[in-house]
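1. quick one, structure for this:
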Amino acid sequence: MAKMIKSEVFDAANFLDNEEVIAEYLNIALESGDPNELLKALDTVARAKGMTKIAKETGLNRESLYKSLKEGKRPYFDTLQKIFSSLGIKFKVVPSVS
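-> Residues are numbered from 1 along each chain as shown. Model prediction:
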């Protein structure tokens, strides 16, 4: 009789447990140049921190937060700024190295 192998779906949210890891994860998404990658990464980080907590800290309701981070959406800059702030992350502009 064959043994059953149980596997779990990988979820990066399970590994985002400190600000340095979160910042690096978001930087990688930003460097991709794909806005959808950033939204997916923000969604993952928000799930890791707790959507309810992030919603409360940003002043957004959970439904609006989920919608803002949905692939294909174009959230307002102030919404992104609120989310980053609640995550303890700041935007930083640095010169591009050519």
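
2. whatever helix or strand residue 44 lives in: which residues count as buried?
-> Residue 44 belongs to helix 35-49 when assigned by DSSP states H and E. By neighbour count on 16 or more other CB atoms under 10 Å, the buried set for helix 35-49 is 37-49. In short, each C-beta sits where N, CA and C put it, glycine included.

3. centre of the chain to that helix, how far?
-> What separates the centre of helix 35-49 from the centre of its chain is 2 Å, taken as CA atoms, centre = their mean, to the nearest Å.

4. and that helix, what does it pack onto?
-> helix 19-31, helix 77-86 (3 or more CB pairs under 8 Å, 6 or more residues apart in numbering; DSSP states H and E).

5. what angle separates it from helix 19-31?
-> If you take axes from the mean of the first three to the mean of the last three CA atoms, to 10 degrees, helix 35-49 sits at 160 degrees to helix 19-31.

6. tell me the helix or strand right after helix 35-49.
-> From helix 35-49, the next helix or strand downstream (DSSP H and E) is helix 51-58.

7. just checking, what packs against the helix or strand just after that following helix?
-> Moving toward the C-terminus from helix 51-58, the next helix or strand (DSSP H and E) is helix 62-68. Identification of packing neighbours for helix 62-68 by 3+ CB pairs under 8 Å, 6+ apart yields helix 51-58, helix 77-86.

8. in JSON lines, list the helices and strands packed on helix 35-49 along with distance to residue 13.
-> Formatted as JSON lines, those follow (distance: least, CB to CB, whole Å):
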{"stretch": "helix 19-31", "distance to residue 13": "10"}
{"stretch": "helix 77-86", "distance to residue 13": "15"}
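
9. where does this protein have low pLDDT?
-> Residues of the chain that meet the criterion pLDDT under 70 lie in 1, 98.

10. repeat that for 90
-> 1-10, 17-20, 71-72, 87-98 (pLDDT under 90).

11. how far away is residue 56 from residue 86?
-> 9 Å (CB to CB, to the nearest Å).

12. neighbours around the closest residue to residue 86 other than its chain neighbours, how many?
-> Distances taken as CB to CB, 6 or more residues apart in numbering put residue 57 closest to residue 86, at 3.8 Å, once the chain neighbours are dropped. By other CB atoms under 10 Å, 15 other residues sit near residue 57.
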